[in-house]
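>>> Need coordinates for the following:
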Amino acid sequence: MNLVQQLKWRYSAKRMNGSKIPKAKLDHILEAIRLAPSSMGLQPFQIMVVGDQAIREQIFAESCKQPQIRECSHLLIFNGWNTLTENQVDEYMENIANERQHDLSELMDFKTSILGALGHKSKSEIQSWSAMQIYIALGTAIDAAAMSEVDATPMEGFDKKAMDKLFDLEAKGLHSVVLLALGYRNEDEDFLAKVAKVRRKPEDIFEFI
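Residues are numbered from 1 along each chain as shown. Predicted coordinates:
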């Protein structure tokens, strides 16, 4: 299956039909997110995968009155870190050591460089940095969904304070950044389902130097 072909197929569905995504396809999308690149490999985010209809109804009522919340198969809530602690970096070092069969002492320079680059950052700076990493993962998720012929609709237009309160994210050191509804388009209800994709021309986007 060709990625560009699938990107021509995909669009941000405004209405979904409630059909469930097969587990294998959902797992494929989530694994693609897990493998997405991030700054220094830290992956400074957590993702809530909400399949429960009652919880999605609550999200609809309190944070995001968009129909995809109710009609999707699963809603992904991308939450960024609020801080970067030495404990979090230590956990990352241990993961590297285990996966690559390194001694932790070999990673001290890397740990020092991470803390030197990010350890002094304010909460708002860390939140901004983590959000940028989330958008890389979000793009990867959208591509993976397209390759699986699953519709994926990213959404920023929600009440983030309400979402954070609903899931007590501040107490977990997190903040909500963006949503991704996964499911299948409802062509009978969605006026965008059969219209041509509109994008700027290549010469308006790319400058070859």
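>>> what comes into contact with stretch 27-38?
Outside stretch 27-38, the residues within contact range by CB atoms under 8 Å, 6 or more residues apart in numbering are 43-44, 47, 49, 133, 136-137, 139-141, 143-145, 148, 150, 152, 182. From N, CA and C alone the C-beta is placed, and that goes for glycine too.
>>> Go again with 6 Å.
Stretch 27-38 has contacts (CB atoms under 6 Å, 6 or more residues apart in numbering) with 133, 136, 137, 140, 141, 144, 145, 148.
>>> in a helix, that's where residue 175 is, yeah?
No - per DSSP: H, G, I helix; E, B strand; the rest coil, residue 175 lies outside any helix segment and is strand.
>>> Narrow the contacts of stretch 27-38 to those in strands?
The members of these all map outside strands under DSSP state E.
>>> contacting residues for residue 150?
By CB under 6 Å, 6+ apart, residue 150 lies in contact with 21, 25, 182.
>>> mind checking the SS state of the first one?
Just to be clear, that refers to residue 21. coil.
>>> Please list all residues in contact with it.
By CB under 6 Å, 6+ apart, the contact set of residue 21 is 73, 150, 182.
>>> The last one too?
Taking CB under 6 Å, 6+ apart as the criterion, residue 182 is in contact with 21, 72, 73, 74, 150, 152.
>>> can we see that at 7 Å?
Residue 182 sits next to 21, 29, 72, 73, 74, 76, 145, 150, 152 when contact means CB atoms under 7 Å, 6 or more residues apart in numbering.
>>> Now, the contacts of stretch 27-38 that are in helices?
Among these, the ones falling in helices (DSSP state H) are 133, 136, 137, 140, 141, 144, 145.
>>> Pull out the buried members of those.
Buried residues within those, defined by neighbour count using 16 or more other CB atoms under 10 Å: 133, 136, 137, 140, 141, 144, 145.
>>> Rebuild those as a markdown table, extending it with distance to residue 176 and pLDDT.
Compiled in a markdown table, these are given as follows (distance: CB to CB, whole Å; pLDDT from 0 to 100):
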| residue | distance to residue 176 | pLDDT |
| --- | --- | --- |
| 133 | 15 | 98 |
| 136 | 17 | 98 |
| 137 | 14 | 98 |
| 140 | 19 | 98 |
| 141 | 16 | 98 |
| 144 | 21 | 98 |
| 145 | 20 | 98 |
